[in-house]
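Asker: What would the 3D arrangement of this be:
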Amino acid sequence: MADVVQYRLERMVEELDDMERRRLFSRPEIDEIVRRRRDFEYRLKRRRPIRQDFLDYVDYESKVDHLRRLRKSVMAAELRRNNKRWKRSLSDFAGVRRIVDIYRLATIKFKGDMDLWFRYLEFCRWKRHGAMRKVLAKAIRYHPKVPGLWIYAAAWEFDCNLNVTSARSLMQSGLRACPNSENLWVEYLRMELTYLNKLKARKAALGEDSGKENKTVETDENAKQWKEDNIDLFMPLSEKENVEGFDPQEQNVGKKTDAFQERSSHVFQTIYHGAVEAIPSSMNLCKRFVEILDDVELSQSDKLREEIMEDIRNRFSQKEDYWDWLAKLQIRNCKMDKELTREEILGMLHKAVQVYEEALEILPSAKMFSVYAEFLMDTIFPEDDDIQSSIFMNIKDDSLEFSSHMMELYQKAESSGCINEDLAYRYVSFLVRMDRQDEASKLSEKLCNGELSDSAKMWVLRISIEMKCMTNKSVSLGKNDLQSIFDLLGHALTRIEIPEADCLWLMGVKYFSNKKKFFEKLVSNFIMVLAKAPLSDSGHSISSAIVNCIMQRDGIAGAREMYKRVVPWKMMKKHLERNLAFISDNDSLVNARKLFESALSIYNQHGGLWQDYHSMELKVGSSETANAVYWCARKTLGDASWLSALRSS
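Answerer: Numbering: from 1, shown residues only. Now for the predicted structure:
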């Protein structure tokens, strides 16, 4: 390892001498650069280098190169004042070459890390490095099923190299490798339409607009020469087709329809049919095509839109998402035009309501009722932070009409047997916001004791309503009132499955945190539940909430005792393992060390925990930190069996 590091450092000698000779860096600065580079090279050559080692090295070299360029610009300015020029030398490109080499080593070590690949590509694109095409080819060879790589490569060819043929070829190759990628189909369409718009702009700039009479084919000899040099810009989208509208020398005087718009329509139809044939079950893809169609200007766009909408209806009319999207499409102009009158907004909303009503006749499902209720709630109670809802503020006085729709909707859903958790929650919340507390309380009680007795969401809503009703009756709750709420919470916890009851536990801990007697009962019940069955992954948040309450009330000593009672070792170990799985940078490593230190402050006699800590330091830490953990374990445990296990690891 030392020989390899020494060899790599010796290759930097000429560059460092050049920077010192040109007075870009002083001798002490050169020594510091060598020292830092030696440290980084050793980090890269250790047994198990981590991703962050490479990124730190790149960051350091980028800063050094940035400082070199700043100093060079100052010195070059002085030379220009003396009528001299700065001559390029080895140090002018060695920094970029080294960063490219570091990225190359990183991608060899971590071939599956897409973030590294994109960092590498972005650096080459930013520096306009000649390795860009080679890096793209290698990335695509390793990851041909990643649509983002194909899109990135095509965008680079299209925008930076101005090579439409290569960009189109890459997109088509990507579609063959990833035919089920929605983003690829959409970006392919955008690229082709953008290309057509560029052709149209160039044709107009050369005076070939077909809508103008008495225009000559060429305005002057310079324009003719420009077209000959850029003949590839006037090629048809498919070499197999002969499109007359693309002949730059053909005059279409008096023709009303723009040939480019006709061609754009043809391209749109072709790509759309290819996309829906490849991904027939994706409604989201169709929605994105419709959005693009609404934003571009094509010939016979209304007819094309009708055909696409009819196709979407035939394929997705039995899905609730289709009707929800179709209804919200009626109010799409509300987001784009903020100066609509009250009558115009009401007209759009009535059209959306008609779509929902039609949907209920065709598809009377629980989900359809739920999405309709969500739309009505957003209309009746608009929020200030939402663009669409802020527009609905203009019709707040007309919300009574939509409130009646909400009442009728719930009654219709109840008679149809389509009451689900989401619809019931929205309707009870609607009654609460309409200040009909008694009706909301009775309805929530009926639902929680009936078909939604196992819904944690409904129980939380019911208990919160009861709390609010009692608070409205009296400022300070009596013992009987608190006991009533505690009993209701306990009843709910017996109805809800343990993995889904976290929200109820958190609600109880927060509400009874200042009621010591009820809080202690709640904690005792929680400990009994822990002994019977494990909680869900978010169960540690309940333990944290309990410990925080004890800390605020009894101090750190009481919090530590409570921590041992409500945080079982299995839960802590699972939390540690989950965090260790995502160690990829210094912050994650620091957090993992804090977790281990926190766990060892309580379970310091657990040999397995020491062993896991030591193993982590060996893998992603340093030899110094690993030795420090070993000696701490030896001092604390004093058990030869665990110490031998640590030595072997």
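Asker: Any stretches of the stretch 451-600 of the chain with poor pLDDT?
Answerer: Within the stretch 451-600 of the chain, the segments meeting pLDDT under 70 span 474-475, 530-540, 559-561, 563-588, 591.
Asker: again, 90 this time
Answerer: 451-457, 465-600 (pLDDT under 90).
Asker: how about the helices in it?
Answerer: 456-473, 479-495, 502-511, 516-532, 539-554, 556-566, 569-580, 586-600 (DSSP state H, counting those that start in this stretch).
Asker: CSV for the ones you listed, including mean neighbour count and distance to R22?
Answerer: Placement of C-beta: from N, CA and C, glycine included. Below are those laid out as CSV (neighbours: other C-beta atoms under 10 Å; distance: least, C-beta to C-beta, whole Å):
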stretch, mean neighbour count, distance to R22
helix 456-473, 17, 69
helix 479-495, 15, 75
helix 502-511, 19, 65
helix 516-532, 15, 69
helix 539-554, 18, 58
helix 556-566, 15, 60
helix 569-580, 15, 47
helix 586-600, 15, 34
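Asker: closest one to P28 among those?
Answerer: Ranking the helices of the stretch 451-600 of the chain by proximity to P28 (C-beta to C-beta) places helix 586-600 first, at 27.4 Å.
Asker: Could you pull out the buried residues of whatever helix or strand comes next after the closest one?
Answerer: Downstream of helix 586-600, the next assigned helix or strand under DSSP states H and E is helix 607-620. For helix 607-620, the neighbour count (16 or more other C-beta atoms under 10 Å) marks G607, L609, W610, Q611, D612, Y613, H614, S615, M616, E617, L618, V620 as buried.
Asker: Between these, which sits nearest L44?
Answerer: V620 (14.2 Å).
Asker: didn't that closest one look like it was pressed against R46?
Answerer: No - V620 is not in contact with R46 according to C-beta atoms under 8 Å; the separation is 10.6 Å.
Asker: Of the buried residues of helix 607-620, which is the nearest to S299?
Answerer: Closest to S299, out of all of the buried residues of helix 607-620 and judged by C-beta to C-beta, is V620, at 60.2 Å.
Asker: what about the closest one, distance to F93?
Answerer: 34 Å (C-beta to C-beta, to the nearest Å).
Asker: looking at this structure, which helix or strand does the model trust least?
Answerer: In the chain, no helix or strand scores lower on mean pLDDT, DSSP states H and E than helix 569-580, which sits at a mean of 48.
Asker: Which of the buried residues of helix 607-620 sits closest to E29?
Answerer: Distances from E29 to these, taken by C-beta to C-beta, are shortest for V620, at 31.2 Å.
Asker: The closest one and A592, how far apart?
Answerer: 8 Å.
Asker: One more: L184?
Answerer: Relative to A592, and taking C-beta to C-beta, L184 is found at 38 Å.
Asker: Please apply the same query to L618.
Answerer: For L618, the distance to A592 - C-beta to C-beta - is 13 Å.
Asker: if we can go back for a sec, minimum distance to I33: which of the helices of the stretch 451-600 of the chain has it?
Answerer: helix 586-600 (21.7 Å).
Asker: next one: that closest one to chain centre, how far?
Answerer: 26 Å (C-alpha atoms, centre = their mean, to the nearest Å).
Asker: Between helix 607-620 and that helix, find me the angle.
Answerer: 160 degrees (axes from the mean of the first three to the mean of the last three C-alpha atoms, to 10 degrees).
Asker: Can you name every helix or strand that helix 586-600 contacts?
Answerer: helix 569-580, helix 607-620 (3 or more C-beta pairs under 8 Å, 6 or more residues apart in numbering; DSSP states H and E).
Asker: CA atoms only for it, dumped as CSV, please.
Answerer: Output in CSV follows, covering the C-alpha atoms of helix 586-600 (Å, rounded to 0.1, in the frame of the first residue of the first chain):
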residue,chain,number,x,y,z
ASN,A,586,-19.3,11.8,8.3
ASP,A,587,-22.7,12.9,9.7
SER,A,588,-24.1,9.4,9.7
LEU,A,589,-21.0,8.1,11.3
VAL,A,590,-21.1,10.7,14.1
ASN,A,591,-24.8,9.9,14.7
ALA,A,592,-24.1,6.2,14.9
ARG,A,593,-21.3,6.8,17.4
LYS,A,594,-23.7,8.9,19.5
LEU,A,595,-26.2,6.1,19.5
PHE,A,596,-23.7,3.6,20.7
GLU,A,597,-22.4,5.9,23.4
SER,A,598,-26.0,6.5,24.5
ALA,A,599,-26.8,2.8,24.6
LEU,A,600,-23.6,1.9,26.4
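Asker: I'd assumed E157 was in contact with M191.
Answerer: No - M191 lies out of contact with E157 (C-beta under 8 Å); the separation is 9.9 Å.
Asker: list the residues that contact both of these two?
Answerer: Counting by C-beta atoms under 8 Å, 6 or more residues apart in numbering, the shared contacts of M191 and E157 are A167.
Asker: follow-up on the earlier one: closest to L360 out of the helices of the stretch 451-600 of the chain?
Answerer: Comparing the helices of the stretch 451-600 of the chain by C-beta to C-beta, helix 456-473 comes nearest, at 23.2 Å.
Asker: which residues are in contact with the closest one?
Answerer: 421, 424-425, 428-429, 432, 437, 440-441, 444-445, 447-448, 452, 477, 481, 484-485, 488-489, 492, 495-496, 500-501, 503-504, 507, 511.
Asker: can you check stretch 101-117 too?
Answerer: Outside stretch 101-117, the residues touching it (C-beta under 8 Å, 6+ apart) are 44, 49, 51, 54-55, 57-58, 61, 119-120, 123, 138-139, 142-143, 146, 148-149.
Asker: One more pass at 7 Å, please.
Answerer: 44, 49, 51, 54, 57-58, 61, 120, 123, 139, 142-143, 146 (C-beta atoms under 7 Å, 6 or more residues apart in numbering).
Asker: Between which two of those residues is the distance greatest?
Answerer: E61 and V146 (27.2 Å).
Asker: my read: S370 touches Y425, true?
Answerer: No - in this structure, S370 is not within contact of Y425 by C-beta atoms under 7 Å, at 9.3 Å.
Asker: Compare the two (neighbour count), which wins?
Answerer: Higher neighbour count among S370 and Y425: S370, with 23 against 20, using other C-beta atoms under 10 Å.
Asker: buried set for the helix or strand containing the more buried one?
Answerer: Using DSSP H and E, S370 maps to helix 366-380. Residues 366-373, 375-380 are the ones in helix 366-380 that count as buried (16+ other C-beta under 10 Å).
Asker: Could I have the CA atoms of it written out in PDB?
Answerer: The C-alpha trace of helix 366-380 is given here as PDB (Å, rounded to 0.1, in the frame of the first residue of the first chain):
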ATOM      1  CA  ALA A 366     -65.900   3.900  -1.400                       C
ATOM      2  CA  LYS A 367     -62.800   5.500  -2.900                       C
ATOM      3  CA  MET A 368     -64.900   7.500  -5.400                       C
ATOM      4  CA  PHE A 369     -67.000   8.900  -2.500                       C
ATOM      5  CA  SER A 370     -63.800   9.700  -0.600                       C
ATOM      6  CA  VAL A 371     -62.100  11.700  -3.500                       C
ATOM      7  CA  TYR A 372     -65.300  13.600  -4.100                       C
ATOM      8  CA  ALA A 373     -65.500  14.500  -0.400                       C
ATOM      9  CA  GLU A 374     -61.900  15.700  -0.400                       C
ATOM     10  CA  PHE A 375     -62.600  18.000  -3.400                       C
ATOM     11  CA  LEU A 376     -65.700  19.400  -1.500                       C
ATOM     12  CA  MET A 377     -63.700  20.000   1.700                       C
ATOM     13  CA  ASP A 378     -61.000  21.900  -0.200                       C
ATOM     14  CA  THR A 379     -63.600  24.000  -1.900                       C
ATOM     15  CA  ILE A 380     -65.600  24.800   1.300                       C
END
